[in-house]
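Trainee: quick one: sequence and predicted model below, then my questions.
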Amino acid sequence: MFDKSESLFPVKKNSLFLAHCAISPLQQQAKEAAQGFLEAMAAGGISGLPPYYNLLPQFHKKGGKLLQTDPKNISFVHNTAEAMCLLANGYPFQAGDEVVSYIHEFPSNHYPWRLQEKRGVKLVLLGDCDPLGSLGDVDAPRGWSMEELESRVTSRTRIIALSHVQFASGYAADLRALGTFCRERSIDLIIDGAQSLGCLPLYPEEYHVGAVAASGWKWLMGPFGAGILYTSPALRGKVELTMVGPYCMQQGLDYLDHRWNPYKDGRKFEYSTLAWEHVAALNGVLDSTFLRYSMEDIRDEVFRLQDLFLEHLDQKLFRVLLYPKEHRSGILTLLSRGNSEELVERVGKQGLVLTARSDYIRIAPHFYLSDNDMKGAAELLNREAGSR
């Protein structure tokens, strides 16, 4: 069913890459699309641009298909932090309002909300809930619970800002339950989708999510420095502009028309010149991969590959952090009896690319890997861990 060829995923020629939770290798169509734009720029500057003037409308359309929403709700951003800052800094907070988040969030979904403390906003942080997952005795990030979240929400809670998938542990939020909870209380739910978009289904309208921000160089296998932002019309209408430039105004190229006339759709947040080669690259990988296969099929293949890896892993040498089905993600985390970073470095010298965070070894395979890849990865880890 899946095209797993080296021609589409050239990284397979020189390494076994199981680190899609970090910086992924660029998929071939993404590379070729970016190169095409850059060649046109090199050959003619502005005279070479007309064939590319539809890049951004195409991106809005393709992003809308991926997230199952209207293209008007999609914005191109450079990274998750930029998107979160646009939302946090423009949100109509009043002194005493509260934002609920998690103590181990990735910085891109922490500092923008922490910055709001200058406006009198209280940042309420959920802790790890024992026993969550199969390693409740381990002093390392695991995840948060709906029970604690419900207990920390008050009448002053305006936003819940959480990652769909936690970067260190791989804990996935149950977005359907979380979104329903927020909708019933008129709380805006803002999701960091960096560790899920491209691996797990993420449909904000179905889950009652107000905004999703995600980087494009992890599970989407796009360029480093490109991302996507979804905003619902209701949330977008609340958020004031804090970054402005010519291209968020409806008069567009008429640069001498200085009327304050910003777009009401997702273009509201595309305030100035974008990295067009990055837009082209994301369009390329969306076309060739993530709009070619369903996200449900991609998720199921990733989980199947993880299960195969676990079948061949010597679990006398490793402890595995496992979650119930509704909290499972593309990141599988292990604890080694030795130093995790040293083990990751040793297998890396043999061509197996992994990452370590908070004492965990993160196993993050994508759908294009083979059964033999997963068996080989487990066997290499077994040998190296057993030799210590």
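Mentor: Here it is on my side, so go on.
Trainee: burial of residue 287, as a residue count?
Mentor: Residue 287: 15 surrounding residues under other CB atoms under 10 Å. Heads up, the C-betas are built off the backbone N, CA and C, glycines and all.
Trainee: now do the contacts for it.
Mentor: Listed by CB atoms under 8 Å, 6 or more residues apart in numbering, the contact set of residue 287 reads 29, 62.
Trainee: okay, strands next: where are they in the stretch 251-388 of the chain?
Mentor: Remark: strands of the stretch 251-388 of the chain, listed N- to C-terminal, are 318-321, 332-336, 352-353, 355-357, 360-363; assignment by DSSP state E, counting those that start in this stretch.
Trainee: can you list contacts of the third one?
Mentor: Okay, so that is strand 352-353. With CB under 8 Å, 6+ apart as the test, strand 352-353 has contacts from 15-19, 376-377, 380-381.
Trainee: mind checking which of those are in helices?
Mentor: Among those, the members falling in helices (DSSP state H) are 376-377, 380-381.
Trainee: buried ones among those?
Mentor: Among the ones in helices among the contacts of strand 352-353, the ones that count as buried by 16 or more other CB atoms under 10 Å are 376-377, 380-381.
Trainee: farthest pair in those residues?
Mentor: Longest distance between any two of those is 9.7 Å, between 376 and 381; criterion CB to CB.
Trainee: rewinding a little: okay, the strands of the stretch 251-388 of the chain in a markdown table with mean neighbour count, mean pLDDT and distance to residue 283 next?
Mentor: Below are those laid out as a markdown table (neighbours: other CB atoms under 10 Å; pLDDT from 0 to 100; distance: least, CB to CB, whole Å):
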| stretch | mean neighbour count | mean pLDDT | distance to residue 283 |
| --- | --- | --- | --- |
| strand 318-321 | 19 | 94 | 36 |
| strand 332-336 | 24 | 94 | 30 |
| strand 352-353 | 19 | 98 | 26 |
| strand 355-357 | 20 | 94 | 28 |
| strand 360-363 | 25 | 96 | 29 |
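Trainee: which one of those strands lies nearest to residue 240?
Mentor: Ranking the strands of the stretch 251-388 of the chain by proximity to residue 240 (CB to CB) places strand 355-357 first, at 35.3 Å.
Trainee: and that closest one, which strands flank it?
Mentor: When pairing is defined by DSSP bridges, strand 355-357 lines up against strand 360-363 (antiparallel).
Trainee: hmm, who's touching the strand it pairs with?
Mentor: Contact partners of strand 360-363, identified using CB under 8 Å, 6+ apart, comprise 18-19, 21-22, 140, 168-170, 306, 309, 318, 321, 331-336, 340, 343-344, 354-356, 377, 381.
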